[in-house]
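Trainee: sequence? don't have it. structure:
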């Protein structure tokens, strides 16, 4: 039997015809599991944040001339700024989530940080 678009099909539960919802669910389904702190991911985020910040600052100092370049056409500053940005952005984002979770701010959880543990 084909169902045309716009038609609704009434579905029945497999448990029989009883309309009692208490027999369909158990309390263990709704228990929240204890959250583990993803330490490896937090340390990785902090390392990305620190190294990215250092590379961004050094790249800006090379560009503005506060640090002397070894050659006139030395474009080392551009690669430092690009690499520093690629490291700074995810590092600062995940470090912010970790700090807000540690502080207990509602809406932030350790589950929001991708973890690399088993």
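Mentor: That came in fine, so what should we check first? On a predicted model such as this, the values are computed, not experimentally measured, just so you know.
Trainee: only C-alpha atoms for contact and neighbour calcs from this point on.
Mentor: Will do.
Trainee: can you map out the strands along the protein?
Mentor: With DSSP state E as the criterion, the chain has no strands.
Trainee: name the spans of this structure whose pLDDT lies under the cut-off.
Mentor: For the chain, the stretches with pLDDT under 70 are 1-23, 72-73, 117-118.
Trainee: that one: helices as residue ranges?
Mentor: For the chain, the helices defined by DSSP state H cover 39-64, 76-103.
Trainee: tell me which residue is most central in this protein.
Mentor: When the chain is reduced to its mean C-alpha position, the nearest residue by Cα atoms, centre = their mean turns out to be residue 113, at 4.0 Å.
Trainee: show the contacting residues for the closest residue to that residue other than its chain neighbours.
Mentor: Closest residue in space to residue 113, ignoring its immediate chain neighbours: residue 94 at 6.3 Å, by Cα to Cα, 6 or more residues apart in numbering. If you count contacts by Cα atoms under 8 Å, 6 or more residues apart in numbering, residue 94 has them with 42, 45, 113.
Trainee: I'd say the last one and residue 43 touch.
Mentor: If I follow you right, that is residue 113. No: judged on Cα atoms under 8 Å, residue 113 makes no contact with residue 43 at a distance of 11.5 Å.
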